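Peer 1: next come a sequence and a model predicted from it.
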Amino acid sequence: MTSQVYRFRLYITGDGPYSVEAKVNLTKLCCRHLSDRHHIEIVDLMRDPQRALVDGIYMTPTLIILGPGPEVRIFGSLKNATPWLNALGFASDSA
């Protein structure tokens, strides 16, 4: 098993239901599939709206997988884990 650290940036808007769901789902997915090999940065656009313009974020929640590998953007609450699993190269049936 590799010791790579997977880096994620999740853009949310406050404590809205989709934002809360995205945080919970991302945390669960990381704990289940990446154990201690992940770092999650949460960017709340209610607190820093300028960041949306600077980073090119047009909807929330938006997850950016920063690495390893190419940058990937996934939109939504991560209720469906398949896009996340596919982006990381995991089999989607392990969700």
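Peer 2: The structure has been received and is ready for your questions.
Peer 1: check which helix or strand residue 66 maps to.
Peer 2: Using DSSP states H and E, the element containing residue 66 is strand 62-67.
Peer 1: run through the neighbouring helices and strands of that strand.
Peer 2: The contact analysis (3 or more C-beta pairs under 8 Å, 6 or more residues apart in numbering; DSSP states H and E) places strand 62-67 against strand 6-12, strand 72-75, helix 82-88. Heads up, the C-betas are built off the backbone N, CA and C, glycines and all.
Peer 1: could you dump these to a markdown table with mean pLDDT and mean neighbour count?
Peer 2: As requested, the helices and strands packed on strand 62-67 are exported to a markdown table (pLDDT from 0 to 100; neighbours: other C-beta atoms under 10 Å):
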| stretch | mean pLDDT | mean neighbour count |
| --- | --- | --- |
| strand 6-12 | 97 | 20 |
| strand 72-75 | 95 | 16 |
| helix 82-88 | 89 | 16 |
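Peer 1: can you say which of those is nearest to residue 25?
Peer 2: Judged by C-beta to C-beta, the one of the helices and strands packed on strand 62-67 that comes nearest to residue 25 is helix 82-88, at 8.5 Å.
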